[in-house]
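Trainee: Have a look at this prediction, sequence included:
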Amino acid sequence: MPADVLPALTVRARAATHPPSAVCTCATPDRVLADRPDGTVVRHGGTVAKAHAPGTDPVELSRRLAVAAHADLSGVLLPPLSPTPVDLHGRLVTCWPYGTPVDPEVPEDAPWEAAATLLARLHTTPPSTLPAGLPPMRGPAKAARAIARLRAAGPHPAAAPVLRAWSGLPAWARAEAPMPGAGALCHGDLHLGQLVRHPALEGPWLLIDVDDMGLGVPAWDLARPAAWYACGLLPPDEWTRFLTAYQQVGGPAVPPEGDPWAALDVPARALTVQTAALAIAKSVAADRPLDEVQQAVVDACDRMAAVPPQLKPGDAK
């Protein structure tokens, strides 16, 4: 991000924590939690300030913030400190309470059941009770952007199977057509990094990051763990914990029992392709080979291209 934005973002986080004239007694020093093209996050004390991606639509972001602050989603989504983003050097900025994330160093404690339960509550919240005008969930659009980034990165021997797998997906999964039956409130980018604990708010875990939230196909929110499981990157017992918890609380993305893959196959394929495309693009940019995990995702794309996806009504090619 531009050099002048990061200091200003830190000032914004401090101002949201206490008046600028006050003596800061926060035990936690200023810290950059993330600094990527799609968002930069700075922490000061118990507050984080996020600069959203360049070009973020202010109306759509405001509607997503209003949903995060809505009473019907208390205990599901971390609410913003203000539902109105501010412009900071051309970037939209929002402020949030700081929450403790999932510890990646302790995978055996991963809160799969909590993630599944939160998703089910999100998916079963009637959109009619929420602020009007919520935009579509951006999952397919993010997958399409990953493919565009792959194509712009230049030649790579692993690109061909990824592009073949992409071409076999239905138009809606490539963001080339509306999502079929897109009537559920969806997170749009679910992974364990999107869960935090905040002791002052309801529930032990809450979902964060509303940038991709909107109306869509709820199976998309299960697609990343499903893809990891299918690629051999998520142990079967962890996948079973996640899926079973989602089914037990009435999540609508999959049947309550039986084979879930008719609903999950297309989204899981799309997330596999997205992951592989980004891995290759980053590999080209850094001039380094794919690592073992990245190669496993590319290999999965190669296998997918040989087996047609399980299409449902509305999954026009």
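Mentor: Thanks, I have the structure now.

Trainee: hey, let's count contacts and neighbours off CA atoms from now on
Mentor: Will do.

Trainee: now stretch 247-264, how far from the chain's geometric center?
Mentor: 20 Å (C-alpha atoms, centre = their mean, to the nearest Å).

Trainee: er, stretch 37-48 I mean
Mentor: 17 Å.

Trainee: for stretch 239-255, same thing?
Mentor: From the chain centre to the centre of stretch 239-255 is a distance of 19 Å (C-alpha atoms, centre = their mean).

Trainee: Show the residue spans covered by the strands in this structure.
Mentor: 31-36, 39-44, 47-52, 86-88, 91-97, 100-101, 184-186, 195-197, 206-207, 214-216 (DSSP state E).

Trainee: Which elements pack onto the second one?
Mentor: For strand 39-44, the contact count by 3 or more C-alpha pairs under 8 Å, 6 or more residues apart in numbering; DSSP states H and E identifies helix 5-17, strand 31-36, strand 47-52 as packing neighbours.

Trainee: about what we covered before: would CSV of the strands of the chain with mean pLDDT, mean neighbour count and distance to residue 144 be doable?
Mentor: Below are these laid out as CSV (pLDDT from 0 to 100; neighbours: other C-alpha atoms under 10 Å; distance: least, C-alpha to C-alpha, whole Å):
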stretch, mean pLDDT, mean neighbour count, distance to residue 144
strand 31-36, 86, 13, 19
strand 39-44, 90, 22, 19
strand 47-52, 93, 25, 19
strand 86-88, 90, 14, 27
strand 91-97, 94, 23, 23
strand 100-101, 92, 14, 28
strand 184-186, 97, 26, 18
strand 195-197, 95, 21, 25
strand 206-207, 96, 24, 24
strand 214-216, 97, 25, 16
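
Trainee: How about the worst-scoring helix or strand of the chain on mean pLDDT, which residues are buried there?
Mentor: Sorting the helices and strands of the chain by mean pLDDT, DSSP states H and E puts helix 5-17 at the bottom, at a mean of 80. By neighbour count on 16 or more other C-alpha atoms under 10 Å, the buried set for helix 5-17 is 5-6, 9-17.

Trainee: Other residues contacting it?
Mentor: Outside helix 5-17, the residues that touch it by C-alpha atoms under 8 Å, 6 or more residues apart in numbering are 20, 30, 42-51, 88-89, 93, 95.

Trainee: hang on, the earlier thing: could I get the strands of the chain in a markdown table, plus columns for distance to residue 230?
Mentor: Formatted as a markdown table, those follow (distance: least, C-alpha to C-alpha, whole Å):
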| stretch | distance to residue 230 |
| --- | --- |
| strand 31-36 | 28 |
| strand 39-44 | 29 |
| strand 47-52 | 32 |
| strand 86-88 | 41 |
| strand 91-97 | 35 |
| strand 100-101 | 26 |
| strand 184-186 | 22 |
| strand 195-197 | 23 |
| strand 206-207 | 24 |
| strand 214-216 | 23 |
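
Trainee: So for residue 173, which of those sits nearest?
Mentor: strand 214-216 (11.0 Å; C-alpha to C-alpha).
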